[in-house]
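Peer 1: Return atomic coordinates for the entry below.
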Amino acid sequence: MRLARLLGPDLKQVLKEDPDQVRELFDEIHPEDLADIVGELDPDEAAQLLSRLSVEYAAPIFERLEEEEQGEIAPLMPPESVAQIASEMAPDDRADFFSVLPDEVGDVILQKLERVDPEAAEEVREIEKWPETSAGHLMTTAYVHIGPDVTVRSAIDAVRVHAENHHENVYNIYAIDSNDRLIGIASLRDLLLATPLQPLREILRTNIISVRPTEDQEEVARRMAKYDLNVIPVVDDRDMILGVITVDDIIDVLTQEQTEDVQKLGAIEPLDVPYFRTSFLSFIKKRGVWLFALFFGEFFTQTALRHYDPVFEAVKGAAYYVPLLISAGGNSGSQSSTLIIRGLAVGEIKLRDWWRILIRETFMGLVLGIGLAVVGFGRVLMYPEQHTNFAFTVAFTLVGIVMTGCTVGAMMPLVLKKIGLDPATSSTPFIASLVDVLGIVIFVHIAKIIMANVIAAAGVN
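Peer 2: Residues are numbered from 1 along each chain as shown. The predicted structure follows:
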């Protein structure tokens, strides 16, 4: 991206005036950087440029554009040109491209692709039939498969032929039986270490780690990380291989999922496109809905304050400490929810661990609350007009509210996960709003116990 910004103006001019110089640019600049430059053009300019380039040069640039950029540019290009470019893309990237196109545009381009490359068109249909966040939609159908009874030399020849016709990296070859079932895997390292005439069957690994096409992409990422895999096969219920998922696609998945989780933690509906490509109106919708929801949620805090207003009037200085107390609960709850959400995301925490988490967070809240209570107690006594009983009220409230914040913050993501919702929905603002109300209730009831005489003298029940 930095290179694109430095050379962008000059290269844009070259690309506009003399597209034939792209051959020389490819010798000097990575296609990824050229894609950054093209992505900074207006969609009309980018469409005109890519239409003028040969497929040999247009395809590497186009497939490296963001999906949103592809979706903006493709409808402005001749369908025949887009179909030619799509035929050169990796199967999974090609399917992702079609998924961002409007239906009417996608149908036209798919018809053109069917004439250019019927196999590529069929691969699009095969991948697109699976849910967008599933392993089936993430897989590529470009992989090397061969029978188990051939020699290692024949297997290497198959890899060579595959590499000549596909841009995807080859990590493994997959041995299938006469019924197309996956029975073994051999890595390129295994092939290189074996003798050329050695039967492939002798070097196959039959302990196969695989995923079903319906599995969620986050589960695929966890499994690949657990077993330290660069590629994982996707098989159906009969163990027939449908495709493979490579590590570069998993990196994209992790980036996307983490971005969504971070945005949800901030009480923002996940953005579909990058920040600067998101319209002002979209931001208002995605942020405004949650802001209004949180605003209405704070009505409960305001209601609680009004309900217990006589208690706050009876206890001198109580109003000064309410923000301090409820913020301690919100902060502790946010910490716990963040830890649990992350643990669920990476598979460290399971739903069955809820009771262990509850006990752990309760005692953690107790210890943290006592620590804050000591500081809070001293803070109250810094002011001569404050009574010792009020200092104890603040101290015990801090213990109670921090314990509540920790337990509520830890349990909320688990409850949402249990009912099938994204745990990240229990964002820190929602936890804070809930704990605010609970904190006020805790403070009032502790005050009624410790400062009963003061409250009774004020005529408060």
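Peer 1: Helices along the stretch 151-300 of the chain, start to end?
Peer 2: Assigned by DSSP state H, counting those that start in this stretch, the stretch 151-300 of the chain shows helices spanning 152-165, 188-193, 217-226, 247-265, 280-307.
Peer 1: ok, and which of those has the densest surroundings?
Peer 2: Of these, the one with the most neighbours on average (mean count of other Cβ atoms under 10 Å) is helix 217-226, at a mean of 18. Quick note: C-beta positions are derived from backbone N, CA and C, even for glycine.
Peer 1: what's the offset of it from the middle of its chain?
Peer 2: 13 Å (Cα atoms, centre = their mean, to the nearest Å).
Peer 1: Could you give the average pLDDT over that helix?
Peer 2: The average pLDDT within helix 217-226 is 88.
Peer 1: Stretch 160-167 too?
Peer 2: 82.
Peer 1: from the chain's centre, how far out does that stretch sit?
Peer 2: Offset of stretch 160-167 from its chain centre (Cα atoms, centre = their mean): 32 Å.
Peer 1: Count residues in the vicinity of Tyr227, would you?
Peer 2: Residues lying near Tyr227 (other Cβ atoms under 10 Å) number 9.
Peer 1: so how far is Ile173 from the nearest residue to it once chain neighbours are set aside?
Peer 2: Distance criterion Cβ to Cβ, 6 or more residues apart in numbering; nearest residue to Tyr227, sequence neighbours excluded, is Ile209 at 5.1 Å. Per Cβ to Cβ, to the nearest Å, Ile209 is found 16 Å from Ile173.
Peer 1: Which one's more surrounded, the two?
Peer 2: Between Ile209 and Ile173, counted using other Cβ under 10 Å, Ile173 has the larger neighbour count: 23 against 13.
Peer 1: Longest helix of this protein, counting residues only.
Peer 2: For the chain, the helix with the greatest residue count under DSSP state H is helix 388-418.
Peer 1: Show me the protein divided up by domain.
Peer 2: Following automatic domain parsing, one gets these domains for the chain: 2-129, 144-246, 275-457.
Peer 1: so can I have a markdown table of the ones you listed showing distance to Leu254?
Peer 2: Formatted as a markdown table, these follow (distance: least, Cβ to Cβ, whole Å):
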| stretch | distance to Leu254 |
| --- | --- |
| domain 2-129 | 16 |
| domain 144-246 | 6 |
| domain 275-457 | 10 |
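Peer 1: which one of those lies closest to Gly136?
Peer 2: For Gly136, the closest of those is domain 144-246, at 3.2 Å, according to Cβ to Cβ.
Peer 1: And stretch 112-124, what's buried?
Peer 2: By neighbour count on 16 or more other Cβ atoms under 10 Å, the buried set for stretch 112-124 is Lys112, Leu113, Glu114, Val116, Asp117, Ala120, Ala121, Glu123, Val124.
Peer 1: Out of the helices of the stretch 151-300 of the chain, which gets nearest to Leu53?
Peer 2: Of all the helices of the stretch 151-300 of the chain, helix 152-165 sits nearest to Leu53, with 21.7 Å by Cβ to Cβ.
Peer 1: which residue ranges form the helices in the stretch 351-461 of the chain?
Peer 2: In the stretch 351-461 of the chain, the segments counted as helices under DSSP H, counting those that start in this stretch are 354-381, 388-418, 428-450, 452-457.
Peer 1: and those as TSV, adding mean pLDDT?
Peer 2: Formatted as TSV, these follow (pLDDT from 0 to 100):
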stretch	mean pLDDT
helix 354-381	92
helix 388-418	90
helix 428-450	83
helix 452-457	66
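Peer 1: Please identify which of these is closest to Leu192.
Peer 2: Leu192 lies closest, by Cβ to Cβ, to one member of the helices of the stretch 351-461 of the chain: helix 388-418, at 44.6 Å.
Peer 1: what's the closest one packed up against?
Peer 2: Packing contacts for helix 388-418, counted by 3 or more Cβ pairs under 8 Å, 6 or more residues apart in numbering; DSSP states H and E, involve helix 318-346, helix 354-381, helix 428-450.
Peer 1: Make CSV out of those helices and add distance to Asp96 and mean neighbour count.
Peer 2: Conversion of these to CSV gives the following (distance: least, Cβ to Cβ, whole Å; neighbours: other Cβ atoms under 10 Å):
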stretch, distance to Asp96, mean neighbour count
helix 318-346, 22, 21
helix 354-381, 37, 16
helix 428-450, 32, 22
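Peer 1: now those helices in TSV, with distance to Arg205?
Peer 2: Output for these, formatted as TSV (distance: least, Cβ to Cβ, whole Å):
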stretch	distance to Arg205
helix 318-346	26
helix 354-381	36
helix 428-450	45
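Peer 1: how about those helices, which one is nearest Thr301?
Peer 2: Thr301 sits nearest to helix 428-450 of all those, at 4.5 Å, using Cβ to Cβ.
Peer 1: Counting by contacts, list what that closest one packs against.
Peer 2: On a contact count with 3+ Cβ pairs under 8 Å, 6+ apart, helix 428-450 meets helix 280-307, helix 309-314, helix 318-346, helix 388-418.
Peer 1: neighbouring contacts of it?
Peer 2: Contacts to helix 428-450, defined as Cβ atoms under 8 Å, 6 or more residues apart in numbering, come from residues 265-267, 290, 294, 297-298, 300-301, 304-305, 308, 311, 315, 318, 322, 325-326, 328-334, 337-338, 389, 392-393, 396-397, 400-401, 404-405, 408-409, 412, 455.
Peer 1: now with 7 Å?
Peer 2: For helix 428-450, the surrounding residues in contact (Cβ atoms under 7 Å, 6 or more residues apart in numbering) are 265, 267, 294, 297-298, 300-301, 304-305, 308, 311, 315, 322, 325-326, 329-330, 333-334, 337, 389, 392-393, 396-397, 400-401, 404-405, 408-409, 412, 455.
Peer 1: before we move on, back to that, closest one to Thr259 among the domains of the chain?
Peer 2: Closest of these to Thr259 is domain 275-457, at 10.5 Å (criterion: Cβ to Cβ).
Peer 1: hmm, back to that, in CSV, list the helices of the stretch 151-300 of the chain along with distance to His445.
Peer 2: Formatted as CSV, those follow (distance: least, Cβ to Cβ, whole Å):
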stretch, distance to His445
helix 152-165, 71
helix 188-193, 67
helix 217-226, 42
helix 247-265, 31
helix 280-307, 12
